[in-house]
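Participant: Generate a structure from the sequence data that follows.
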Amino acid sequence: MLEFADRTRTATLRANQLRLYFASFAYVLMQGLRRLGLQSISLTRAQCGTTRLKLLKIGAHLKITVRKVCLAFSETFPYQNEFAQICQNLFRYSLWTSPG
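Facilitator: Have a look, this model is predicted:
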């Protein structure tokens, strides 16, 4: 299940434990994204690495104000529709209201 658990490369037990906590937290977040956000889109059954590459490792301009967080993507970003659908799916399950 946790294939990253063998990567304990630091000298101290505390650092290795923190590394495993972060990796476990990232795993739980990706599973939640897959379960709630990737419903009914083309990446529903994609592997974790594919999802990370196509949706999370992207360049965007981030603007944070008091009331809003705005992301500005390139006009040539090939997964714009999928990203918008994921945001709508996640807003449906959140306590926040969907923008617009």
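Participant: low pLDDT regions in the protein?
Facilitator: For the chain, residues meeting the criterion pLDDT under 70 lie at 1-8, 95-100.
Participant: now the helices: where do they sit in it?
Facilitator: Using DSSP state H, the helices of the chain run over 13-32, 48-51, 80-92.
Participant: list the buried ones in the last one?
Facilitator: Of the residues in helix 80-92, those buried under the neighbour-count criterion (16 or more other C-beta atoms under 10 Å) are 82-83, 85-86, 89-90. The C-beta positions use only the backbone N, C-alpha and C, and glycine is treated the same way.
Participant: Report back the residue of the chain that's furthest from centre.
Facilitator: Distance from the centre of the chain peaks at Ala11, with 29.8 Å (C-alpha atoms, centre = their mean).
Participant: In contact with it, which residues?
Facilitator: Not one residue lies near Ala11 by C-beta atoms under 8 Å, 6 or more residues apart in numbering.
Participant: returning to what we had before: can you check which of the helices of the chain gets nearest to Leu71?
Facilitator: With C-beta to C-beta as the criterion, Leu71 lies closest to helix 80-92 of the helices of the chain, at 8.8 Å.
Participant: how far does stretch 49-60 stretch from start to finish?
Facilitator: In stretch 49-60, first residue to last residue: 20 Å (C-alpha to C-alpha, to the nearest Å).
Participant: Give me the contacts around that stretch.
Facilitator: 30, 33-34, 38, 43, 46, 71-74, 77, 79, 82-83, 86.
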